[in-house]
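Peer 1: Next comes the sequence, and after it the predicted model I'd like to discuss.
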Amino acid sequence: MASVITASEPSWITPFAGLSPRCFGKLLTALRRDGADVVHRGRPWSLPLEDRVLVTAYWRTNLTLRQLAPLFGVSKSTAGRVINHFGPVLALQPRKRFAKDTVLIVDGTLVPTRGHTIAEQSKNYRHSTNHQVVIDADTRLIVVVGRPLAGNRNDCKAWEESGAKAAVGRTTTIADGGYLGTGLVIPHRRQRGQSNLPDWKEDHNKSHKQVRARVEHVFARMKTWKILRDCRLKGDGVHHAMLGIARMHNLAAAG
C-alpha cells in the first residue's frame, strides 16, 4: 500500500503536526537521544521514526484510524500500535525545579472525552475530563499538566488531586477565583456587606486578570489540536494526548 503522507516531504509536517520542519527536527533529535529509535528484538516497525511520530501527531487533525492508516500506507492495527507506543514517548516531562523568582499560572480546561470511565457530564453539558495546566508566566511555556479528573470536579479539588499542586510545590502561582482556599494568588473579593473594593484592590485585580489571561491564550493554541475538542481515546489516552500536545506546543512557541 503506497503512502500519501510522509515526513520526508516537509510540506506535510506543518499541517499534520502543527510544527515547523525545524521544530519537528528538534523533536526527532530529542527522541533519538532518549532511545526512541533503538532497534529491539522482534518484528521491526514498518515506518521510519519520522513517520511514526507524524502518525502519532494525528492529534492535530483527529482523524479516525480508518482514515489515518491508508494515508501512511499501513493497516489500521499498525497505526493503532504506533499511536499506543509513541503517545507516552512524546509526553511532556514536568519541570522539577523552579527558580526562586518564577511565577506560574494555573487553570483547568475541559476536554470532551468519550471514555466515560474517567469522564463525567460537566458545565459544558458533555462528558469531559478536567485537566489542570500550569504555565510559566514569563515564557508562557507549559511546565506541568495534571492527571485528568472527571469534568464535574471543581478546580480546587482538581488542583490537589491531579498532582499539579505537588509538582509545583511552594512556587508562587496565580489562579482565578475558583481556587479559593488553596493558598494560590487569586483576585480580591468583596467581603460580606462590602459594596465596592478599594481602588488599590481593583487595580490589583485588573493587573492580575491581564497576567492570568496568558493561560487562556495557551489553551486556545493547544486546542488547535482537534483531539482536545472531541477525544475518542480511552483510559490513559487522553492524558498522553494532553502531554504530547503540551510538548509540541512548547516546541512551537519556543521556535
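Peer 2: That came through fine. If you're wondering where the values come from, they're calculated on a predicted model, not measured in any experiment. Numbering: from 1, shown residues only.
Peer 1: can you give me the strands in the stretch 51-200 of the chain?
Peer 2: 103-112, 120-121, 127-136, 142-145, 149-150, 172-174 (DSSP state E, counting those that start in this stretch).
Peer 1: Which one of those lies nearest to residue 26?
Peer 2: Across those, residue 26 has its closest neighbour in strand 142-145 (16.3 Å, CB to CB). All C-beta atoms are positioned from the backbone trio N, CA, C, and that covers glycine.
Peer 1: Could you tell me the least trusted of the strands of the stretch 51-200 of the chain?
Peer 2: Lowest mean pLDDT of these: strand 120-121, a mean of 89.
Peer 1: want to throw the strands of the stretch 51-200 of the chain into TSV with mean neighbour count and distance to residue 207?
Peer 2: Formatted as TSV, the strands of the stretch 51-200 of the chain follow (neighbours: other CB atoms under 10 Å; distance: least, CB to CB, whole Å):
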stretch	mean neighbour count	distance to residue 207
strand 103-112	22	12
strand 120-121	14	35
strand 127-136	24	17
strand 142-145	25	22
strand 149-150	20	30
strand 172-174	20	10
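Peer 1: Let me see the contact set for residue 144.
Peer 2: For residue 144, the contact set (CB atoms under 8 Å, 6 or more residues apart in numbering) comprises 94-95, 132-134, 164, 167-168.
Peer 1: name the helices or strands packed onto the helix ranked longest in the chain?
Peer 2: Ranked by residue count under DSSP state H, the longest helix found in the chain is helix 199-222. Using 3 or more CB pairs under 8 Å, 6 or more residues apart in numbering; DSSP states H and E, the elements in contact with helix 199-222 are strand 103-112, strand 127-136, strand 172-174, helix 237-254.
Peer 1: Buried residues, the last one. List them.
Peer 2: By neighbour count on 16 or more other CB atoms under 10 Å, the buried set for helix 237-254 is 237-252.
Peer 1: Got the confidence number for residue 251?
Peer 2: So residue 251 comes in at 94 (pLDDT).
Peer 1: what's the burial count for the closest residue to it other than its chain neighbours?
Peer 2: Nearest residue to residue 251, sequence neighbours excluded (CB to CB, 6 or more residues apart in numbering): residue 23, at 4.5 Å. Applying other CB atoms under 10 Å, we find 20 residues neighbouring residue 23.
Peer 1: Next one: residue 23 from residue 163, what distance?
Peer 2: Noted for residue 23: a distance of 28 Å to residue 163, by CB to CB, to the nearest Å.
Peer 1: Repeat that for residue 178.
Peer 2: Counting by CB to CB, the gap from residue 178 to residue 163 is 18 Å.
Peer 1: just residue 64 next, same as before
Peer 2: 31 Å.
Peer 1: Find the nearest non-adjacent residue to residue 247, please.
Peer 2: Using CB to CB, 6+ apart, the nearest residue to residue 247 is residue 92, at 4.0 Å.
Peer 1: Could you count how many residues lie near that neighbour?
Peer 2: Other residues close to residue 92 by other CB under 10 Å number 20.
Peer 1: so which of the helices and strands packed on helix 199-222 gets nearest residue 71?
Peer 2: helix 237-254 (18.8 Å).
Peer 1: how far does that closest one sit from the chain's center?
Peer 2: In terms of CA atoms, centre = their mean, to the nearest Å, the centre of helix 237-254 is found 5 Å from the chain centre.
Peer 1: What is it packed up against?
Peer 2: So helix 237-254, by 3+ CB pairs under 8 Å, 6+ apart, packs with helix 21-33, helix 76-89, strand 127-136, strand 142-145, helix 199-222.
Peer 1: cutoff 7 Å now
Peer 2: Here helix 237-254 touches helix 21-33, helix 76-89, strand 142-145, helix 199-222, going by 3 or more CB pairs under 7 Å, 6 or more residues apart in numbering; DSSP states H and E.
Peer 1: Walk me through the domains of the chain.
Peer 2: Under the assignment automatic domain parsing, the domains of the chain span 10-89, 103-233.
Peer 1: Using JSON lines, lay out these together with distance to residue 4.
Peer 2: Converted to JSON lines, these look like this (distance: least, CB to CB, whole Å):
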{"stretch": "domain 10-89", "distance to residue 4": "5"}
{"stretch": "domain 103-233", "distance to residue 4": "19"}
